[in-house]
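Any chance you could fold what I've pasted below:
(one chain, ligands or ions: 3)
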Amino acid sequence: MTAIDPPYLQLDNGEQIPIRVRGYQLLNRPMLNRGTAFTHDERRALGLIGLLPPGYASLEAQVRRVYSQYQEQPTNLAKNVFLTHMRDRNEVLFYRLLAEHLEEMLPIVYTPTIGEAIEQYSQWYSRPRGVYLSIDRPEEMEEALKNYGLGPDEVDIVVVTDSEGILGIGDQGVGGIAITTGKLSVYTAAAGIHPRRCVPVVLDVGTDNLRLLNDENYVGERHARVRGDRYDEFLDLFVKTVARLYPNALLHFEDFAAANAHRLLTQYRDELCTFNDDIQGTASVVLAAVLAAVQRTGGRMRDQRVVVHGAGTAGAGIAEVMRDVMVQEGLSREEANDRFWALGSRGLLVEGNRMRDFQEPFARGADEVAGWASDNGRIGLEEVVRQARPTTLIGTSAQPGSFTEAIVREMHKHAPRPIIMPLSNPTPLSEAKPEDILAWTDGQALIATGSPFAPVVRGTTRYRIAQANNALVFPGLGLGVSVSKASRVTDGMVIAAARAVASLMEDAVAPGDSLLPSVNQLRTVSATVAVAVCRTAEEEGLARADLGDPIQAVIEQMWQPNYARVVLG
Ligand SMILES: NC(=O)C1=CN([C@@H]2O[C@H](COP(=O)(O)OP(=O)(O)OC[C@H]3O[C@@H](n4cnc5c(N)ncnc54)[C@H](O)[C@@H]3O)[C@@H](O)[C@H]2O)C=CC1
Ligand SMILES: CC(=O)C(=O)O
Ligand SMILES: [Mg+2]
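Ligands and ions are numbered 1, 2, ... in the order given. The predicted structure is shown next:
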């Protein structure tokens with residue numbers, strides 16, 4: 001006996017979803033629409049007779065057709081637009097296509113092409129997706145979120161940006177909504193978070209991007225970025241409204257500028273279940289790559305000497321988590337901080353100079369650097385590498401080409417297997433190309449990048465380049481939080497996620513092996529991360545779900561892109 005009247009969708013987990021709309025209304029609902037995959041009986045029952053061409057195509061046949069259409073698109077941006085439109089028509093088909101061609105399509109729906117799509121958001125704008133909240137109308141915030149149509153128990157993840165620090169391309173105004181929908185695509189493709197249980201949000205607080213303000217097509221608020229008290233009050237209202245409307249959701253902050261990113265994380269991390277992906281997601285995946293690299297060099301984390309080029313949102317987060325692991329390995333906090341040399345736009349961070357509070361732990365003493373070469377007081381990367389003799393070089397500066405041949409060769413003089421990670425996105429902003437780094441270090445460098453790079457062949461060795469992108473962590477983190485109903489995201493979870501990713505690479509020890517799992521393994525990686533997060537949530541007393549077997553719980557919750565059975569009665 002069923003609880004509801006047909007027609008309805010019968011899901012694998014026993015749930016039944018009523019189908020209340022008919023005809024074109026149904027075809028316009030991307031989660032229900034299946035186009036030519038509706039059978040004739042379904043078309044009769046759902047008011048679709050005459051609204052579709054008579055032929056029937058299975059999901060598999062539809063995937064083959066849309067894949068060939070995809071391949072005909074002339075540019076990567078056109079491919080991105082094609083996939084965006086497809087997601088707006090038929091989400092199961094979109095996610096099935098993405099799942100079957102993940103390595104090929106992730107760079108299209110995510111970095112690097114998403115950077116272009118965001119820059120040209122207003123020019124290509126055709127239909128909305130997500131929730132647009134304007135700082136000029138805070139009183140409409142609750143109504144706007146409610147209009148999205150999801151109830152208190154129907155949301156697992158809210159991804160929010162204020163668009164000030166999109167990837168490495170900076171302030172992109174309202175177009176930043178596309179980073180939130182992009183991240184949510186990755187949540188679904190990588191971790192099986194149900195696409196309808198997610199809310200993408202842009203906080204339109206204005207923009208300082210003059211190109212956008214002068215573009216007649218721009219679809220955002222046309223004024224400078226609001227800062228100060230009004231910004232803080234708007235953010236506070238947003239966080240409190242989300243916590244009230246969706247009490248079980250994870251709130252994911254994305255691409256805020258450095259000052260706000262760290263400040264907001266500190267302010268809200270103990271108040272609700274929230275994390276900052278650029279700080280914590282990035283720190284976790286980079287820690288995984290560094291742990292794998294350190295294992296290959298036969299050393300320990302506590303012995304690393306680490307230069308962080310670009311100690312902003314991502315760079316400082318990476319340093320903090322590496323420092324915490326060094327402390328776990330027995331160093332005092334001060335000894336561990338001392339193993340870092342961090343640079344900002346004014347060069348090496350030195351005590352007494354102006355810097356942000358989250359950078360202070362990594363500043364060097366003025367006495368120590370007194371004899372170092374500087375240009376108007378600015379100590380540059382080459383001098384830092386010469387003096388500090390790092391074993392690990394992290395790039396989160398968005399300064400393309402800043403890991404020069406001279407710098408990499410200097411580092412290699414003292415580090416036989418230098419760990420070098422140009423992590424800036426999108427691809428044109430990378431601090432160096434893996435091919436060059438390998439050439440300058442005679443193939444000895446252990447490398448990870450932020451955006452995807454093709455393998456490099458040198459002699460008989462094929463080097464697979466690890467993509468240290470937070471996409472290897474945030475989907476599994478979100479899934480683990482959702483399955484365990486964790487009340488907070490903790491540093492323990494961030495480190496557990498990193499160790500889980502690194503554990504997948506323990507057998508990868510041949511020359512040329514990647515430091516991280518490949519994008520094709522994203523589902524496995526996300527499930528592994530989710531299980532580690534669930535276990536940590538339990539250990540830390542933060543899990544509100546009775547998990548039983550976390551592996552089974554995680555696998556059962558992962559949504560698969562299949563058409564559910566339609567029960568017609
Ligand atoms: N691989 C990944 O998963 C991730 C990569 N990133 C990338 O990292 C880059 C930075 O992103 P955020 O940390 O969010 O930006 P951010 O603006 O917070 O940090 C950038 C830092 O670089 C510093 N900087 C600027 N010019 C410099 C120079 N000439 N020398 C040294 N430092 C300089 C700035 O002072 C700032 O501290 C972006 O390209 C972003 O795409 C960010 C998050 C995740
Ligand atoms: C990957 C990412 O989050 C970034 O580049 O900002
Ligand atoms: Mg980001």
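
Okay, the nearest residue to residue 96 once chain neighbours are set aside and residue 403: tell me how far apart.
Spatially, and ignoring its direct neighbours in sequence, residue 96 is nearest to residue 561 (4.1 Å; Cβ to Cβ, 6 or more residues apart in numbering). (Each C-beta comes from the backbone N, C-alpha and C, glycine too.) Going from residue 561 to residue 403 by Cβ to Cβ, to the nearest Å gives 39 Å.

With residue 141 instead?
Distance from residue 141 to residue 403, by Cβ to Cβ: 43 Å.

contacting residues around the strand or helix carrying residue 382?
Here residue 382 sits within helix 381-388, counting by DSSP states H and E. Residues outside helix 381-388 that contact it (Cβ atoms under 8 Å, 6 or more residues apart in numbering) are 305, 307, 309, 341, 343, 347-348, 369, 372-374, 390, 393, 402-404, 406-407, 410-411.

Give the pairing partners of the top strand by length along the chain; include direction for each.
With residue count as the measure and DSSP state E as the assignment, the chain has strand 198-204 as its longest strand. In the sheet, strand 198-204 lines up against strand 131-134 (parallel), strand 157-161 (parallel) (DSSP bridges).

can you give me the mean pLDDT across the longest one?
Rounded to a whole number, the mean pLDDT of strand 157-161 is 98.

who are the neighbours of the host helix or strand of residue 106, in terms of helices and strands?
In this assignment (DSSP H and E), residue 106 forms part of helix 102-109. Packing partners of helix 102-109 (3 or more Cβ pairs under 8 Å, 6 or more residues apart in numbering; DSSP states H and E): helix 76-89, helix 91-100, helix 177-191.

Enumerate the residues of the stretch 101-250 of the chain near ligand 3.
Contact residues, the stretch 101-250 of the chain versus ligand 3 (Cβ under 5 Å from the ion): none.

can you give me the helices in the stretch 101-250 of the chain?
Using DSSP state H, counting those that start in this stretch, the helices found in the stretch 101-250 of the chain span residues 102-109, 113-119, 121-124, 141-147, 177-191, 210-213, 229-245.

And the helix or strand just after the longest one, what's buried?
The reference is to helix 229-245. Toward the C-terminus, helix 229-245 is succeeded by strand 250-253 as the next helix or strand (DSSP H and E). Neighbour-count burial for strand 250-253, counted by 16 or more other Cβ atoms under 10 Å, picks out 250-253.

Which helix or strand lies directly C-terminal to strand 250-253?
Following strand 250-253 in sequence, per DSSP H and E, is helix 258-268.

Which elements pack onto that next one?
In terms of contacts (3+ Cβ pairs under 8 Å, 6+ apart), helix 258-268 is packed against helix 229-245, strand 250-253, strand 274-276, helix 313-328.

Output these in TSV; the columns should cover mean pLDDT.
Below are the helices and strands packed on helix 258-268 laid out as TSV (pLDDT from 0 to 100):
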stretch	mean pLDDT
helix 229-245	98
strand 250-253	98
strand 274-276	98
helix 313-328	98
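
and of the ones you listed, who's closest to residue 431?
When those are compared by Cβ to Cβ, helix 313-328 sits nearest residue 431, at 11.4 Å.

The closest one near ligand 1 anywhere?
Yes. Contact of helix 313-328 with ligand 1 (Cβ under 6 Å from any ligand atom) involves 313-315.

Which strands or helices does that helix pack on?
By 3+ Cβ pairs under 8 Å, 6+ apart, helix 313-328 packs against helix 258-268, helix 282-297, strand 306-309, helix 333-337, strand 340-344, strand 392-395, helix 491-503.

where's it relative to the chain centroid, distance-wise?
Mean-position distance between helix 313-328 and its chain equals 18 Å (Cα atoms, centre = their mean, to the nearest Å).

List the buried residues in that helix.
Those would be 313-327, for helix 313-328 by 16+ other Cβ under 10 Å.

what angle sits between that helix and helix 491-503?
90 degrees (axes from the mean of the first three to the mean of the last three Cα atoms, to 10 degrees).

Quick one: check helix 313-328 for contact with ligand 3.
No. Counting by Cβ under 5 Å from the ion, ligand 3 is not contacted by helix 313-328; separation bottoms out at 7.6 Å.

is ligand 2 contacted by that helix?
No. Contact between helix 313-328 and ligand 2 is absent, the nearest approach being 7.0 Å (criterion: Cβ under 6 Å from any ligand atom).

so how many other residues sit close to the closest residue to ligand 3 within the stretch 51-200 of the chain?
Closest contact between the stretch 51-200 of the chain and ligand 3, by Cβ to the ion, is at residue 167 (6.1 Å). Look at residue 167: counted by other Cβ atoms under 10 Å, it has 23 neighbours.

give me every residue that touches the residue nearest to it when sequence neighbours are not counted.
Computed as Cβ to Cβ, 6+ apart, the closest residue to residue 167 that is not its neighbour in sequence is residue 425, at 4.5 Å. Neighbouring residues of residue 425 by Cβ under 8 Å, 6+ apart: 111-112, 115, 167-168, 450-451, 469.

rewinding a little: thought residue 113 was touching the residue of the stretch 51-200 of the chain closest to ligand 3, still the case?
No. Contact criterion Cβ atoms under 8 Å: residue 167 and residue 113 do not qualify, at 11.1 Å.

any idea how far the residue in the chain positioned nearest to ligand 1 lies from residue 160?
Using Cβ to the nearest ligand atom, the closest approach of the chain to ligand 1 is made by residue 312 at 1.9 Å. According to Cβ to Cβ, residue 312 stands 19 Å off from residue 160.

likewise residue 297?
Residue 297 is 39 Å from residue 160, by Cβ to Cβ.

swap in residue 439?
With distances taken as Cβ to Cβ, residue 439 is found 42 Å from residue 160.

So for the two, which sits in the more crowded spot?
residue 160 (26 against 15).

out of everything not next to it in sequence, what's closest to that one?
Distances taken as Cβ to Cβ, 6+ apart place residue 201 nearest to residue 160, at 4.4 Å, with adjacent residues excluded.

got the contact list for that neighbour?
By Cβ under 8 Å, 6+ apart, the neighbours of residue 201 are 130-133, 145, 158-161, 177, 180, 238.

who in the stretch 251-400 of the chain is up against ligand 2?
Applying Cβ under 6 Å from any ligand atom, we find that the stretch 251-400 of the chain lies next to ligand 2 at 255, 277-278.

which residues of this structure score low on pLDDT?
The chain contains residues with pLDDT under 70 at 1-2.

try 90 this time
Along the chain, the model assigns pLDDT under 90 to residues 1-4, 11-15, 506-511, 547, 569.

Quick check: residues of it near ligand 3?
Neighbours of ligand 3 within the chain, by Cβ under 5 Å from the ion: 255, 278.

Could you rerun that using 8 Å?
Contact residues (Cβ under 8 Å from the ion) of the chain with ligand 3: 165-167, 179, 183, 254-255, 277-278, 281-282, 314, 425, 470.

how about the residues you listed in CSV, adding distance to residue 37?
Listed next are the residues of the chain next to ligand 3 as CSV, based on distance: Cβ to Cβ, whole Å:
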residue, distance to residue 37
165, 41
166, 36
167, 36
179, 31
183, 28
254, 34
255, 36
277, 35
278, 39
281, 35
282, 39
314, 42
425, 36
470, 34
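
wait, which of those residues is closest to residue 193?
For the residues of the chain next to ligand 3, the nearest to residue 193 is residue 183 (10.5 Å; Cβ to Cβ).
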